[in-house]
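> can't give you the sequence, but here's the structure:
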RNA sequence: GCCCGGGUGGUGAAACGGUAGACACAGGGGACUUAAAAUCCCCAGCCGGUCGCCGGCAUGCGGGUUCGAGUCCCGCCCCGGGUACCA
């Protein structure tokens, strides 16, 4: 009897949590609409790829942080948009289909259902009516629509480009999917092969992608990574006439000042001029080198990095500045895809050229003083020497002078170059968005009519790659071959879009997720955009964020969005490691599943621990006993409200003592300020302090207990709601006003002053808050231990910091 | 190599240039209990002493600025992440 009674009123997450999750769902507590009477807050999580493995405890870290903030913002009077969805196209579902014959959409739906269940079990306050799924035809209809807009703007084109061909996967991979010459998934070898591919002209937006980083509230490191990726570099293009040919080699250089030091030239093996200028004596060698370079994978090229290779073409170029003839080589350390695919080599002042010159016995000329070019290249600043008109100038001035000189003679010009390349936008896969277009027999491209979207993925017999490099779609002849009503014949595009496509604009679809007429309403977009806070992993620092910013700018130019940038503020959550301090992985066997944590400790304890571990941005290891600790905190908080023996509510209408009121207001201030700064760990510490303060006391004044329940609710929403209800409230506290603090109440009557002698702590003294400097110094001097040190020398200076400390500076002590 | 982050007790971590280690975990002691669990209370950086007190040493290492530095500046070392022949 007693036993049953004592368990019945204990804090039972297994009972309380599903109850409130059901309440929120049934009452659509977190459904949100545009409301111009409130300030808006758009808080976005990077949506997950719903893998078959389900969630691990790393996923909900960011989700918990944003959820806490959203719940807080709602209580603080904001209209909060907080959506969730699925980035569900991708290779794993297709690989599974190849192995098991299950349609990827089936696997994907099952995975989504599992992810949704797991996410809901954590009590996040998403507006589920806005859920999106990139594989849903109602969604990818608009992904295709955006592609049409890109095409019409001239930003999508077909090019024959050497791509990363993976024979094993039977598909072409993007650079970012190739790691060390092996496929990211599977680790299969990758080689280069030219293929017709869809490209997106992201380079046309290079400058804007770079410039608009300025106004963003993002981590400086991420902005820097984007700048490096775009890689804008200022230099010059210089034309070198080829001796004995009617041909010109144009090079890009960032160091036109070193032009007099150019002692040879290098063309990329794939450079178009190579065939024309190679002498018959060198033909064989050059051909062999070109072939081996073409066959080399990026991995092999990188491996070769230490040792420079190349072949002389037999041709000479003329240095426009002094008429000297210099030999032209081909070498694969010069890349066809960067700059003009050709360089002037200045071995005295470039590390790579120096190494190459050494190996091939080419002359090394000093043109900038300050180093010893016979021992190592001198890449720093200095005075120009052996450089005719440039002699005596410093590097920067020499650059300006030579560019002006070249421009006058039409032998070159100032130029800007980018590391950024156009975006390879097609994949030879089944499980992606089909391109909405037909290639007609006459070579024209016929775009699908917007009203005919989406172009749905057809059913296929087999998900295996066609083997030719084309996607499995190429095998469905009755889908691929089309005859138009007017009799023209064509072939459908069999490539599909890469996984990035769907994630490039999902944050816009959330704004108006069920709109059949348009991708979103422009009016709603104006209300909600930009995203005020975007939280996700740093692994998307460059690509996803750059691609999404690119599409956003195109949509801005088309008048579809009202902001230049999509994500105003970005925060990267840190990695959560396994309990052993290693990266969580199945193979190590240290993966923690949220389902198990919730079953044992409850969702609120899990949320609390995710945040209590340390700063959001830090990498930190999981700890089961740590979860136990925050669960004890929740138990203690619960017992402040509920008599475990009788189930009675302990809260009274008595006024609180001054001391208790002060403790509360201190807590409100700390929690509020920490929430604004996203310092969730210290906010939780402050709540623990209040609970520790209240536990030994008997008073349970309503004003204090209700305020605390509201502070706790964003962190532990189920417990918050339950306690709120037990105090007699009939409705959710999700929209109750956030507590405010009174600065006067936070202030204690007395302050402990630290007393130092020469900066060393020698004592403490309790003084009234409004103590005068004289009184404080006098009291400090009177401390026995302080007086002892003062007696040892001559008092030189007294430092007084109000409310903090007194420091006596003593000479000779 | 270059670009970002980080180095603080046994552990996760706190700390407007002002009492380093809040809050937790693990640990130790006590109360309650026949006992254990749970709960509640207390202790706890390291070293030393005349041990209810006092001193010394302590925030990766070495300097500097300052009355005072985990915090600011300079030079190193180590760890994690990103990136790489980008002319």
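Received it, and whenever you're ready, just let me know what you need. None of these values were measured; they are calculated from a predicted model.
> so the residue of the stretch 201-350 of chain A found nearest RNA strand B, which of the three states?
Of all residues in the stretch 201-350 of chain A, residue A:221 sits closest to RNA strand B, at 2.2 Å by C-beta to the nearest atom of the strand. The C-beta positions use only the backbone N, C-alpha and C, and glycine is treated the same way. Under the three-state scheme (DSSP: H, G, I helix; E, B strand; the rest coil), residue A:221 adopts helix.
> just residue A:693 next, same as before
From three-state DSSP, the assignment for residue A:693 is helix.
> what's the burial count for the residue of the stretch 201-350 of chain A closest to RNA strand B?
For residue A:221, the count of nearby residues is 11 (other C-beta atoms under 10 Å).
> what pLDDT is listed against it?
If you check residue A:221, the pLDDT there is 83.
> how far does stretch A:119-127 stretch from start to finish?
Distance across stretch A:119-127, first residue to last, is 13 Å (C-alpha to C-alpha, to the nearest Å).
> tell me how far that stretch is from the chain's mean position?
Remark: stretch A:119-127 is offset 23 Å from the chain centroid, using C-alpha atoms, centre = their mean, to the nearest Å.
> and stretch A:500-509, by the same measure?
The answer for stretch A:500-509 is 14 Å, by C-alpha atoms, centre = their mean.
> got it, and stretch A:79-90?
With C-alpha atoms, centre = their mean, you get 16 Å for stretch A:79-90.
> next one: stretch A:542-551
For stretch A:542-551, the distance to the chain centre is 10 Å (C-alpha atoms, centre = their mean).
> and what of stretch A:466-484?
With C-alpha atoms, centre = their mean as the basis, the mean position of stretch A:466-484 lies at 36 Å from the chain mean.
> now do the buried residues in stretch A:748-757.
A:751, A:753, A:755-757 (16 or more other C-beta atoms under 10 Å).
> what does stretch A:636-647 give?
A:637-642, A:644.
> least confident of those?
Minimum pLDDT across those falls on residue A:644, with 87.
> correct me, but that one touches residue A:636?
No. Residue A:644 sits out of contact with residue A:636 when judged by C-beta atoms under 8 Å, with a separation of 11.6 Å.
> about what we covered before: dump the buried residues of stretch A:748-757 into JSON lines; add pLDDT and distance to residue A:726 as well.
Listed next are the buried residues of stretch A:748-757 as JSON lines, based on pLDDT from 0 to 100; distance: C-beta to C-beta, whole Å:
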{"residue": "A:751", "pLDDT": "89", "distance to residue A:726": "38"}
{"residue": "A:753", "pLDDT": "92", "distance to residue A:726": "43"}
{"residue": "A:755", "pLDDT": "93", "distance to residue A:726": "48"}
{"residue": "A:756", "pLDDT": "93", "distance to residue A:726": "50"}
{"residue": "A:757", "pLDDT": "92", "distance to residue A:726": "55"}
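> restrict those residues to contacts with RNA strand B.
The subset of these within reach of RNA strand B, by C-beta under 7 Å from any atom of the strand, is A:753, A:756.
> stretch A:765-779 close to RNA strand B?
No. On the criterion C-beta under 7 Å from any atom of the strand, stretch A:765-779 is out of touch with RNA strand B, staying 8.6 Å away.
> now do the same end-to-end measure for that stretch.
7 Å.
> residue A:317 - that's part of a strand, no?
Yes. Assessed by three-state DSSP, residue A:317 belongs to a strand.
> contacting residues around stretch A:158-175?
A:91, A:177-178, A:183-186, A:188-199, A:270, A:294, A:297-298, A:422, A:424, A:426-429, A:464-467, A:469, A:471, A:498 (C-beta atoms under 8 Å, 6 or more residues apart in numbering).
> which of these count as buried?
A:91, A:177-178, A:183-184, A:190-193, A:195, A:197-199, A:270, A:297, A:422, A:424, A:426-429, A:465-466, A:469, A:471, A:498.
> which of the contacts of stretch A:158-175 fall within strands?
A:178, A:183, A:191-199, A:424 (DSSP state E).
> can you list the residues of the stretch 351-500 of chain A near RNA strand B?
A:352, A:417, A:419.
> what's the neighbour count on the residue nearest to residue A:468 when sequence neighbours are not counted?
Nearest non-adjacent residue to residue A:468, counting by C-beta to C-beta, 6 or more residues apart in numbering: residue A:474, 7.2 Å away. The criterion is other C-beta under 10 Å. On that basis, residue A:474 has 21 neighbouring residues.
> how close does residue A:474 sit to RNA strand B?
From residue A:474 over to RNA strand B the distance is 30 Å, taken as C-beta to the nearest atom of the strand, to the nearest Å.
> from residue A:464, how far out is that residue?
11 Å (C-beta to C-beta, to the nearest Å).
> and if you look at residue A:655?
76 Å.
> tell me which residue in the stretch 401-550 of chain A sits closest to RNA strand B.
For the stretch 401-550 of chain A, C-beta to the nearest atom of the strand, closest residue to RNA strand B: residue A:419, 3.8 Å.
> that residue reaches residue A:335, doesn't it?
No. Shown here, residue A:419 and residue A:335 do not form a contact pair, counting by C-beta under 8 Å, at 10.4 Å.
> check contacts around residue A:522.
Taking C-beta under 8 Å, 6+ apart, one finds A:559-560, A:562 in contact with residue A:522.
> swap in 7 Å and give it another go.
By C-beta atoms under 7 Å, 6 or more residues apart in numbering, the residues touching residue A:522 are residue A:560.
> strands along the stretch 251-400 of chain A, start to end?
A:264-267, A:311-318, A:325-330, A:342-345 (DSSP state E, counting those that start in this stretch).
> and the last one, which strands flank it?
Sheet neighbours of strand A:342-345, with direction, are listed as strand A:264-267 (antiparallel) (DSSP bridges).
> and the strand it pairs with with RNA strand B, contact?
No. If you take C-beta under 7 Å from any atom of the strand as the test, strand A:264-267 misses RNA strand B, and the best it gets is 7.6 Å.
> how far out from the middle of the chain is that strand?
39 Å.
> give me the phi and psi angles of the closest residue to residue A:441 other than its chain neighbours.
Distances taken as C-beta to C-beta, 6+ apart place residue A:489 nearest to residue A:441, at 5.1 Å, with adjacent residues excluded. Per-residue torsions, residue A:489: phi -110, psi 150 (degrees, to the nearest 10).
> surely residue A:380 is in contact with residue A:369?
No. When contacts are counted by C-beta atoms under 7 Å, residue A:380 is not listed as touching residue A:369 (10.5 Å).
> and the host helix or strand of residue A:600, what's buried?
For residue A:600, the element it lies in under DSSP states H and E is helix A:594-601. Using 16+ other C-beta under 10 Å as the test for burial, helix A:594-601 gives A:594, A:597-598, A:601.
> also stretch A:61-80?
A:61-76, A:78-80.
> so which of the residues you listed sit within strands?
Checking the buried residues of stretch A:61-80 against DSSP E, those in strands are A:79-80.
> and RNA strand B, which of the buried residues of stretch A:61-80 contact it?
Within the buried residues of stretch A:61-80, nothing lies near RNA strand B by C-beta under 7 Å from any atom of the strand.
> so what's the residue count around residue A:15?
Neighbours of residue A:15 (other C-beta under 10 Å): 13.
> how far away is it from residue A:355?
Distance from residue A:15 to residue A:355, by C-beta to C-beta: 71 Å.
> and of the buried residues of stretch A:636-647, the nearest to RNA strand B?
residue A:639 (6.4 Å).
> tell me if the closest one really is in a helix.
Yes. Assessed with three-state DSSP, residue A:639 lies in a helix.
> what sits up against the following helix or strand past the helix holding residue A:600?
As assigned by DSSP H and E, the chain's next helix or strand after helix A:594-601 is helix A:603-612. Residues outside helix A:603-612 that contact it (C-beta under 7 Å, 6+ apart): A:13, A:17, A:60-61, A:64-65, A:68, A:121-123, A:594, A:597-598, A:626-627, A:630-631, A:634, A:680-681, A:684, A:715-716, A:718-719.
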